[in-house]
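**Student:** prediction below, plus the sequence it came from.
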Amino acid sequence: MDKNYLKYGFGIAGTMIFYFLALKLIGLHQYPILSAANGVIIGSGIFYALKKYKKSVKNFKYQDGFQLGLFTGVFATIVFVVFIAIYIYHIDTQFAVAILDSWGLNYDNGALILIFSIFIMGFSTTFILTLAFMQLLKDSWNQ
């Protein structure tokens, strides 16, 4: 299971970073609504990680699949948050100000609020999608 969540976690994080940088090139990275695609990216990665794990084991246990889904999504979220923190603090220092202006928030520690909200959104997306996918992939008790 360790290799699955690391491999898919890095894949999810890499795809989200690529998506963010592609939006940056186009000039659309300052629109928070476009981050909804991150949910699709996280969901796809978790789903494929769970499917591969289910095929590789004889006895697919709910708790093992749930743990794999959570680890995959949280690992990807942490990698993405680290990238965004480096981006906000070292590459584009005005990015957080532009995002928070669109939200109508004027805090002195705006970058930290933005990073924390990205982490919370990633974790909650991971949790909900893992619950949903485990309902699809668990073994049925009905015979």
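**Tutor:** Yep, that arrived. These numbers were taken from a predicted model, which means no experiment stands behind them.

**Student:** so who does F127 touch?
**Tutor:** Neighbour list for F127: 70, 73 [criterion: C-beta atoms under 8 Å, 6 or more residues apart in numbering]. Backbone N, C-alpha and C define where each C-beta goes, glycine included.

**Student:** how far away is it from I120?
**Tutor:** Distance of F127 to I120, computed by C-beta to C-beta, to the nearest Å: 11 Å.

**Student:** distance of the spatially closest residue to G9 that is not a sequence neighbour relative to F47?
**Tutor:** Counting by C-beta to C-beta, 6 or more residues apart in numbering, G9 lies nearest to F75, which is 3.5 Å off, once chain neighbours are set aside. Per C-beta to C-beta, F75 is found 16 Å from F47.

**Student:** check G122 too.
**Tutor:** G122 is 16 Å from F47, where distance means C-beta to C-beta.

**Student:** repeat for Q67
**Tutor:** Distance from Q67 to F47, counting by C-beta to C-beta: 15 Å.

**Student:** more crowded one of those two?
**Tutor:** Of the pair Q67 and F47, F47 is the one with more neighbours under other C-beta atoms under 10 Å, namely 19 against 14.

**Student:** that one and F133 touch, don't they?
**Tutor:** Yes: the criterion here is C-beta atoms under 8 Å, and F47 meets it with F133 at 5.3 Å.
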